[in-house]
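**Q** Sharing a sequence plus its predicted fold:
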Amino acid sequence: MNYWLVKSEPGSYSWDDLKQKNEEVWDGVRNYQARNFLKEMKLKDPVLFYHSGKDKAIVGIAEVTQEAFPDPKDQDAKDWVAVKIRSERDLKVPVTLDKIKQEDSLSEMLLLKQSRLSVMSVAKEDFETILKLSES
DNA sequence: GCCAACGTTGGC
DNA sequence: GCCAACGTTGGC
């Protein structure tokens, strides 16, 4: 099992939006590195949901409900893909970017290293650390 | 509002 | 194929 993180600007699509719809097609990704991660996602992989912009925090956990398929928004039939994710649960306490930065063991997270990447993998240990941080 | 990081475009 | 110009993302 692999672990992932997706970013969204809450103004355009928020965690609440996902909870309301339950399941969503995660499409429109137009970055090769992000696309390659989308292609590696497997059914039931956990996905951290991060709010960029004002929030700057991981707010919930989603789950992959459909593996990569051709992005329906891909007009030119390029090789872009989408997945489906479903909201699983809220984090008890959102894990802010500040908190993540304060945690030495998380300093290698792609979230910190590549601020512009919108879909990324998360190491198992890092995933677990974040869960721990979300408990207090 | 600014700026760093980074991706894309287009001229050469 | 290189690189300057420009656009976008996202943190500060």
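**A** Nice, I can see it.

**Q** ok now do the closest residue to DNA strand C within chain A, which residues does it touch?
**A** Taking C-beta to the nearest atom of the strand as the measure, chain A has A:Ser52 as its residue closest to DNA strand C, at 3.9 Å. Backbone N, C-alpha and C define where each C-beta goes, glycine included. By C-beta atoms under 8 Å, 6 or more residues apart in numbering, the residues touching A:Ser52 are A:7-10.

**Q** what's the answer for A:Arg35, then?
**A** When contacts are counted by C-beta under 8 Å, 6+ apart, A:Arg35 is found next to A:29, A:79-81, A:119.

**Q** Give me the pLDDT for it.
**A** pLDDT, the model's per-residue confidence, is 94 for A:Arg35.

**Q** In PDB, list the C-alpha atoms belonging to the lengthiest strand in chain A.
**A** Secondary structure of chain A per DSSP state E: the longest strand is strand A:81-96. C-alpha atoms of strand A:81-96 as PDB (Å, rounded to 0.1, in the frame of the first residue of the first chain):
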ATOM      1  CA  VAL A  81      -5.100  10.700 -16.400                       C
ATOM      2  CA  ALA A  82      -7.600  11.100 -13.500                       C
ATOM      3  CA  VAL A  83      -8.400   9.000 -10.500                       C
ATOM      4  CA  LYS A  84     -11.400   8.900  -8.200                       C
ATOM      5  CA  ILE A  85     -11.200   9.600  -4.500                       C
ATOM      6  CA  ARG A  86     -13.700   9.300  -1.700                       C
ATOM      7  CA  SER A  87     -13.600  11.300   1.600                       C
ATOM      8  CA  GLU A  88     -12.900   8.900   4.400                       C
ATOM      9  CA  ARG A  89     -12.600  10.900   7.600                       C
ATOM     10  CA  ASP A  90     -11.600  14.300   9.100                       C
ATOM     11  CA  LEU A  91      -8.400  14.700  10.900                       C
ATOM     12  CA  LYS A  92      -9.200  15.300  14.500                       C
ATOM     13  CA  VAL A  93      -6.900  18.300  14.400                       C
ATOM     14  CA  PRO A  94      -5.700  19.700  11.100                       C
ATOM     15  CA  VAL A  95      -2.000  19.300  10.600                       C
ATOM     16  CA  THR A  96      -0.700  22.700   9.600                       C
END
